[in-house]
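Peer 1: Structure of the sequence below:
(chains A and B)
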Amino acid sequence: MNKLLLSAVFGLLLLAQQAWGAIGCTLSNPAQDLKYLFPEMTSYKEDAREFGKIKEGEKHFKNLKVRLGSDLDPVYETYETPYTVYTVFKGETVIGIVHGVNVPGKGGVIQVFVSADPTTGEIKRAFFQRIESPAAKQLKSKEFLAQFNGVTLADLYKHDYYKVADPKSEKDKLGNLQPPANLDEKGKPDYEASLRGIRKNLILLDLFVFEQKAEPFYQRAQESIAKFNAEAKTGEAEAKTEPKSEAKSE
Amino acid sequence: MRYLILAMKNLLRRPVRSALTVAGVSLAVAVAVSLSGFNLGYARAIDQSIEKLGFQVMIMSKGCPYEAATMMLKGGTGLLYLPEDIYAKVKSDPDIASITPIFVGIAQKEGSSIRDEDEGNKSFSIVSGIDVESFKVMKPWLSFKTGKGYDGGHWFAQDATKEVVLGYEAAEYEQRKVGDTFYASIVPNGKTEPVMREYKVVGVLDRTGTQDDGTVFMPILPAQEAFGRMGELTIIGIKLKEFSGAKMREFEARWLKLPEVQVVGLQQVKTTLVSLVGTAQTMVAAVAAIAVIVAVIGVINTILMSVYERTGEIGIMKAIGAYRGDIFTLIWYETLAICAAGGIFGCILAVVGSSGVEAAIKALIDLGVSGSIVYITPQVIGYAMLGAIVLGFFAGLYPAWRASSMRPVEAIREGE
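Peer 2: I've put the predicted structure just below:
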C-alpha cells in the first residue's frame, strides 16, 4: 500500500506533464474521426505538408498572409508549421479530403477542420476539434456550421468583391452568413477567429491538394475590387468638382 | 613486443574466425556497457526529476496521493485539501530550510474531438496557486522563455488576481504568448457548473522537463478563490536543512501527530521507482551475464582450435628451442588481443548505439522519468575494458597451458 501511495505521488507529479497533448492540427483519433465523417470509408491516407517542403514555399507562405487578409501569428503560424491532409478512400475511390488548421482564438487555440469534396473542393462539413471560448457552444452549433456547407475558396474570394461592390448581391454565397444566435460581445473575437480559420483552411487546402485552382478567382476579385475602388474614387472626384464648375458657370 | 607481433600475425592468418570471435566479445561488452549506462542513467534521471521538484518532503492530506493519481488517470475531482493553518504550524519547524504552500486545482478544458458522442469528454489543465517568493526559492532554476512573442515575461505580483504564468507545454498546447488572454473553466467547490475565467498571460516558462511544463501558475489567493477553497492547500513543499534518513524520521514523527496529514519523503518515492524497474534490470543483467559467458566460451573455443591446428608448428617451435613460457605467452597474448579488440569495439558500439538503446527501453516500458536514461561515463568504459582484459586473462589460461604442455616430437608427428 505504501508503495502504491508513493508511486501515486510521483504519478501525480509526472502525469501533470502528460496532461497536455501533442501540438499541431491533426485529428485526435484519425481512424474513428474519419469513419464518423465518412461511414462508408474503407481506408485513409495521411500526408504531412510544410511550406518548406513544397516548391516556391516562401512565395506561397507570403501569399497565405495576403489571401488571408490578416497577419500570421509570429510564433504559431510560421513557415515551419506542419499541416496534415487526410485523404479518405472507399475501396480505390477517393471520397473526401479532411484538413485542419490552428488559429489563435482570444483565450486559447481554435482548431478548425473541414471535410471537402475531393473533386470540387467544396466544404462538405466544417467543424471544430477544439475551441476554448465563452461562445464555444454557439460556434459549434450545427446551424451555424451548416452555413459553410457547399462553400468553396472561390466563393470566399468572390465574397471579398461583393462585400465591397455589391453587398446585397444574390450571387454572393456568403452574403447571408449569420453569426450564431445569442453570440455576445465576449464571443465575437472567437467568431472572427473561426471565420479566419475556415478561410485559412481552404487557402491551404487549395495549395496542398487542388493545385491552386481558386487562384484565378482571387486575381479576378482583386482586380475587380481595384477597378471598383478606382471608379468610386473617380466618381467621388467628379462629384466634388461638379458643384465648383456649376458655380463657375453661374 | 615480438610475442605480440607474432600473436597478431597468427590471428590474421584466420581473419574471418578472429573477426567473428571479436564480434562476439564486442556484443557482450556492448550489452554490459549499455546496461551499466542504463543503471547509472536511470538513477540519475530519477535524481534529476526529484531534484527538479524542488522539495524533498511533502506534507499533504491523508489519502491524497492515491486520490490524486486516480483523478489524473480517470478524471474526477478527487484532490484532497489541507487546512491552511497547518502551513503556519509547520513553518516554524527548526529543521526546515525553506517551505512553500501550493494549492492545486483542476481546470476544465474543452475536449479534443470532432465526434458528437465525445462532446462530454473534457480535457483538463493543472492550475497551481503558489506563493511566488517561496516558490522561487524552492525552484531557483525556473526561468522565462524569451524571443518573439515571449519577451518581457515575469512572475505575477502576489496580489494580482487576473494574471497567470504558463509552463512551456501549457503555452504551446494553448498557443499562448506573453500578453495573450487565457481562458480557464473552473468548477468552484460545491457548484456543478464551470465558470469561465479570463486571465492575462504575463510569462511563459522555459522547458524544465518536469510537471511544471504543463502547469498554469497563478497567485495562491485567486486560485483558492476561483476554486472556492479559501484557506485550503494541496501540498506543502519542504526542503530540510539536513536531508538524511534520521532527520527525515524525526521530522515525520513530529508532524504525523497531526491527524489529517501525511509526510512523504521524495527519497522514498525514488526507492519505490528504482524497485519498480529492479526486476527488469535483473533480467537484463542476467542476459548480459549469459552473453559474457557465451563470449568467453567462444574465445576459448577459437583459441583452442587455433592451437590444435598449429600443433605441428608448436612442436617445431619447441624443437628449435622455444620454452614452455614462450608458447604460453604467445597463445595468451592472442587471447588477450581478441578480448581487448572486442572490448574496444564493444565500447564504441555501446556509445554509438546508446540513443537507440534508450529509445528501445522507453518504447518498451514507461519509466516515469524524463531526460536521458542511458548515461555512459568514462569510468563505465574503463571498467568494461578492464573486464574484457580480465576475461581474456582467464579465457587464455587453458589453451595457453594446453599448447605449452605439448611434447615436441608428438606434436610434430600429430601435426603432419
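Peer 1: all contacts plus neighbour counts: C-alpha atoms, from now on.
Peer 2: Noted.
Peer 1: can you list the weak-confidence ranges in the stretch 201-350 of chain B?
Peer 2: Low-confidence segments of the stretch 201-350 of chain B (pLDDT under 70): B:267-277, B:280.
Peer 1: Which residue would you name as the spatial centre of chain A?
Peer 2: What sits nearest the mean C-alpha location of chain A, by C-alpha atoms, centre = their mean, is A:Ile198, with 2.0 Å.
Peer 1: Now name the helix or strand holding it.
Peer 2: helix A:188-208 (DSSP states H and E).
Peer 1: Quick one: list the elements packing against that helix.
Peer 2: helix A:57-68, strand A:93-104, strand A:109-116, helix A:153-165 (3 or more C-alpha pairs under 8 Å, 6 or more residues apart in numbering or on different chains; DSSP states H and E).
Peer 1: and with 7 Å instead?
Peer 2: Helices and strands touching helix A:188-208, by 3 or more C-alpha pairs under 7 Å, 6 or more residues apart in numbering or on different chains; DSSP states H and E, are strand A:93-104.
Peer 1: Against chain A, how distant is B:Ala19?
Peer 2: Going from B:Ala19 to chain A by C-alpha to the nearest C-alpha, to the nearest Å gives 44 Å.
Peer 1: Could you tell me which ranges of chain A sit under the pLDDT cut-off?
Peer 2: In chain A (pLDDT under 70), the answer is A:1-24, A:242-250.
Peer 1: hmm, try it at 80
Peer 2: Low-confidence segments of chain A, defined by pLDDT under 80: A:1-24, A:236-250.
Peer 1: So which bits of the longest helix seen in chain A are buried?
Peer 2: When chain A is parsed with DSSP state H, its longest helix is helix A:215-249. By neighbour count with 16 or more other C-alpha atoms under 10 Å in any protein chain shown, helix A:215-249 contains the buried residues A:Glu215, A:Phe217, A:Tyr218, A:Ala221, A:Gln222, A:Ser224, A:Ile225.
Peer 1: Same check on stretch B:211-229?
Peer 2: B:211-224, B:226-229.
Peer 1: can you narrow these to ones near chain A?
Peer 2: Checked against chain A using C-alpha under 7 Å from any C-alpha of the partner chain, the buried residues of stretch B:211-229 yield the following neighbours: B:Gln211, B:Asp213, B:Gly214.
Peer 1: Can you tell me how far the residue found closest to the second one once you drop the neighbours it is linked to in the chain is from B:Ser143?
Peer 2: In space, B:Asp213 comes closest to B:Gly167 once its chain neighbours are excluded; the distance is 4.1 Å by C-alpha to C-alpha, 6 or more residues apart in numbering or on different chains. Between B:Gly167 and B:Ser143 the distance, using C-alpha to C-alpha, to the nearest Å, works out to 10 Å.
Peer 1: what's the answer for B:Gly312, then?
Peer 2: 75 Å.
Peer 1: Compare the two (neighbour count), which wins?
Peer 2: Using other C-alpha atoms under 10 Å in any protein chain shown, the more surrounded residue of B:Gly312 and B:Ser143 is B:Gly312, with 21 against 17.
Peer 1: Phi first, then psi, for the more buried one.
Peer 2: phi -60, psi -40 (degrees, to the nearest 10).
Peer 1: Can you give me the distance of it to chain A?
Peer 2: B:Gly312 is 66 Å from chain A, by C-alpha to the nearest C-alpha.
Peer 1: Domain parsing of chain B, as residue ranges.
Peer 2: Domain segmentation of chain B under automatic domain parsing yields B:2-49+B:272-415, B:57-242.
Peer 1: who touches the longest strand belonging to chain B?
Peer 2: Longest among the strand segments of chain B by residue count, using DSSP state E, is strand B:96-109. With contact meaning C-alpha atoms under 7 Å, 6 or more residues apart in numbering or on different chains, strand B:96-109 is reached by B:87, B:91, B:122-131, B:134-135, B:138, B:184-186, B:220, B:227, B:233-241.
Peer 1: I'd like the next helix or strand past that strand.
Peer 2: Past strand B:96-109, the next helix or strand by DSSP H and E is strand B:123-130.
Peer 1: Buried residues in the very next helix or strand once past that next one, which are they?
Peer 2: Beyond strand B:123-130 on the C-terminal side, the first helix or strand identified by DSSP H and E is helix B:132-138. Neighbour-count burial for helix B:132-138 flags B:Val132, B:Phe135, B:Lys136, B:Met138 (criterion: 16+ other C-alpha under 10 Å).
Peer 1: rewinding a little: list only those of the contacts of strand B:96-109 flagged as buried.
Peer 2: For those, buried by 16+ other C-alpha under 10 Å: B:87, B:91, B:123-131, B:135, B:138, B:184-186, B:220, B:227, B:233-240.
Peer 1: which parts of the stretch 101-250 of chain B sit against chain A?
Peer 2: B:110-115, B:125-126, B:148-149, B:169-170, B:172-176, B:181-183, B:196, B:210-211, B:213-214.
Peer 1: swap the cut-off to 8 Å and go again
Peer 2: Listed as neighbours of chain A in the stretch 101-250 of chain B under the rule C-alpha under 8 Å from any C-alpha of the partner chain: B:109-115, B:124-126, B:148-149, B:169-170, B:172-176, B:180-183, B:196, B:198, B:210-215.
Peer 1: what about the strands in the stretch 301-416 of chain B?
Peer 2: In the stretch 301-416 of chain B, no segments count as strands under DSSP state E, counting those that start in this stretch.
Peer 1: Turn the domains of chain B into TSV, columns for distance to A:Gly96.
Peer 2: Listed next are the domains of chain B as TSV, based on distance: least, C-alpha to C-alpha, whole Å:
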stretch	distance to A:Gly96
domain B:2-49+B:272-415	34
domain B:57-242	16
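Peer 1: Which one of those lies nearest to A:Glu236?
Peer 2: A:Glu236 sits nearest to domain B:57-242 of all the domains of chain B, at 41.8 Å, using C-alpha to C-alpha.
Peer 1: In the stretch 51-200 of chain B, which residue sits nearest chain A?
Peer 2: Closest approach between the stretch 51-200 of chain B and chain A, counting by C-alpha to the nearest C-alpha: B:Phe182, at 4.2 Å.
Peer 1: Which helix or which strand is home to that residue?
Peer 2: Residue-wise, B:Phe182 maps onto strand B:181-186 under DSSP H and E.
Peer 1: Just say helix, strand or coil for A:Val88.
Peer 2: Following DSSP: H, G, I helix; E, B strand; the rest coil, the label given to A:Val88 is strand.
Peer 1: What distance do you get for the residue nearest to it when sequence neighbours are not counted to A:Thr93?
Peer 2: Spatial nearest neighbour of A:Val88, excluding adjacent residues (C-alpha to C-alpha, 6+ apart): A:Tyr44 at 4.4 Å. Noted for A:Tyr44: a distance of 11 Å to A:Thr93, by C-alpha to C-alpha.
Peer 1: Those two: which has the busier surroundings?
Peer 2: Using other C-alpha under 10 Å as the criterion, A:Tyr44 and A:Thr93 rank with A:Tyr44 on top: 19 against 12.
Peer 1: And the helix or strand hosting the more buried one, what's buried?
Peer 2: A:Tyr44 belongs to strand A:43-49 when elements are defined using DSSP H and E. Across strand A:43-49, burial judged by 16+ other C-alpha under 10 Å covers A:Ser43, A:Tyr44, A:Arg49.
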